[in-house]
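Undergrad: missing the sequence, but the structure's below:
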């Protein structure tokens, strides 16, 4: 609710049904048309939520609001379009190379697409009649595959140096935890808050673990791991900007409000470079082995000809 105090009189404006307000305040900014007359006016907001929420208010003219909305839609469309195109392009690369890491990349990119699609509020634009409970559950259910495929890609990409190490086993444990989060989100009888808090811990552990595994592989001399570690660093930078904005350290602007999207896009682009670097490394290694085999065969032929 919004309480408008003008000239000693109080007016209350309801933003809609409680269920719709809970959904919009979590995923998209509610919009309330107001006619502000000349003079001093005070506004008081009453906001309730079962989960964490950051509440900011802006006063815009109708033209300014429409302009901002168009910019936001263009940014979201460009982000999700680019993410989908990267997954689609790497699908063709996978079909031509059959490299398992490309398959893991595609599933990771698509899971990121679905998770951020629900988190950004875009689901409300395509399904405006869905309930608040469905949106919250869908967001939580999509978090599980996001964790699972992030760790699966890390295990696949770093396998040449970290296979059967404790890093590999730890990533597998996090994958199981992500699958449990997804399963719990599908059970309506389990309260959302009971799953959200453990899920936040699992997300933090998964990000820390995959980044540490990339650094460990890089330090062990695995060249493609440098792009992998830098890509996760880009995502972490986006998450940090968002966190600092939520804490009030940074201002609310285009960069800080969409830092996760920018970070994810940079991460996926750098991971594509990492995969290309890995393929080149495998090709060089295969050529070196082939040359070694050819030299060995030539040596055998010379030895056989000598004793004939």
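TA: Arrived safely. Since the model is a prediction, treat every value here as computed from it, not as a measurement.
Undergrad: use CA for all of it now, contacts and neighbours both
TA: OK.
Undergrad: any idea how far residue 139 is from residue 206?
TA: Using Cα to Cα, to the nearest Å, residue 206 is found at 18 Å from residue 139.
Undergrad: quick check: closest non-adjacent residue to residue 6.
TA: Excluding its sequence neighbours, the residue lying closest to residue 6 (Cα to Cα, 6 or more residues apart in numbering) is residue 41, at 5.0 Å.
Undergrad: list the contacts of that neighbour.
TA: 4-7 (Cα atoms under 8 Å, 6 or more residues apart in numbering).
Undergrad: from those residues, which would you call buried?
TA: Applying 16 or more other Cα atoms under 10 Å to the contacts of residue 41, the neighbour count classes residue 4 as buried.
Undergrad: could the contacts of residue 41 go into TSV alongside secondary structure and distance to residue 167?
TA: Formatted as TSV, those follow (DSSP: H, G, I helix; E, B strand; the rest coil; distance: Cα to Cα, whole Å):
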residue	secondary structure	distance to residue 167
4	strand	57
5	strand	59
6	strand	62
7	coil	65
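Undergrad: I'd like the contacts of residue 41 as a markdown table, with distance to residue 147 and pLDDT appended.
TA: Putting the contacts of residue 41 into a markdown table (distance: Cα to Cα, whole Å; pLDDT from 0 to 100) gives the following:
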| residue | distance to residue 147 | pLDDT |
| --- | --- | --- |
| 4 | 44 | 77 |
| 5 | 47 | 78 |
| 6 | 50 | 74 |
| 7 | 54 | 71 |
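Undergrad: out of the contacts of residue 41, which is nearest to residue 65?
TA: residue 4 (20.5 Å; Cα to Cα).
Undergrad: shaky segments in the stretch 101-250 of the chain?
TA: Within the stretch 101-250 of the chain, the set of residues satisfying pLDDT under 70 comprises 128-133, 243, 246-248.
Undergrad: for it, which segments are assigned as helices?
TA: For the stretch 101-250 of the chain, applying DSSP state H, counting those that start in this stretch gives helices covering 122-126, 132-157, 159-162, 166-185, 192-219, 225-246.
Undergrad: please report how far the most centrally placed residue in the chain lies from residue 235.
TA: Among the residues of the chain, the one closest to the centroid is residue 112, at 4.5 Å (Cα atoms, centre = their mean). The spacing between residue 112 and residue 235, counted by Cα to Cα, is 12 Å.
Undergrad: next up, the contacts around residue 88.
TA: residue 106.
Undergrad: mind telling me what element it is part of?
TA: helix 62-97 (DSSP states H and E).
Undergrad: list the buried residues for that helix?
TA: 75-76, 79-80, 83-84, 86-87, 90-91, 94.
Undergrad: rewinding a little: may I see the contacts of residue 41 arranged in TSV, with distance to residue 259 as well?
TA: Formatted as TSV, the contacts of residue 41 follow (distance: Cα to Cα, whole Å):
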residue	distance to residue 259
4	33
5	36
6	38
7	41
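Undergrad: and of the contacts of residue 41, the nearest to residue 212?
TA: Comparing the contacts of residue 41 against residue 212 with Cα to Cα places residue 4 closest, at 51.3 Å.
Undergrad: wait, doesn't that closest one sit right on residue 40?
TA: No - with contact defined as Cα atoms under 8 Å, residue 4 does not count as touching residue 40 (10.7 Å).
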